[in-house]
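# sequence-free structure coming up:
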């Protein structure tokens, strides 16, 4: 038992605390949680989530990589592998359902197209980022208006 306790103590001493911005309770949301620590780009988060529907990690990764290669901007190459940014709203809105099906999104292609149009109509990136300040119920209600995302 003592050895296990010693191992835990060594492990605990290596764990760093979250930054102060993550430790203060927000009056709208309550105490901080894991969902507040990760700050993924909202466009990438939403459309990757749509791609995840009824899927496995390898296939999700492939779909997102193809989406980036087709509609993102080149970031450079490492060891012969090209990297691309996640597409901005303009690129996602320009995509047709047929184009996205050709990239392997299957039935999710319709969800990406419709959700991109809805996000743009609501204010695009600013609308999604604004949901960070909403209550969980407000954010959930807004996201449930999206096809395939809510």
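Okay, I see it. No experiment lies behind these values; they were computed from the predicted model shown. Numbering: from 1, shown residues only.
# tell me which residues of stretch 56-68 are tucked away?
Across stretch 56-68, burial judged by 16 or more other C-beta atoms under 10 Å covers 60, 63, 64, 65, 66, 67, 68. For glycine as for every other residue, the C-beta is placed from the backbone atoms N, C-alpha and C.
# in which helix or strand would I find the first one?
Residue 60 is part of helix 57-71 when elements are defined by DSSP states H and E.
# quick one, whatever helix or strand comes next after that helix and helix 57-71 angle?
Sequence-wise, the next helix or strand downstream of helix 57-71 (DSSP H and E) is strand 74-78. Put simply, strand 74-78 runs at 120 degrees to helix 57-71, going by axes from the mean of the first three to the mean of the last three C-alpha atoms, to 10 degrees.
# tally of neighbours for residue 87?
24 (other C-beta atoms under 10 Å).
# what comes into contact with the helix holding residue 60?
With C-beta atoms under 8 Å, 6 or more residues apart in numbering as the test, helix 57-71 has contacts from 47-48, 51-52, 55, 82, 84-87, 91-92, 94-95, 99-100, 103-105, 108.
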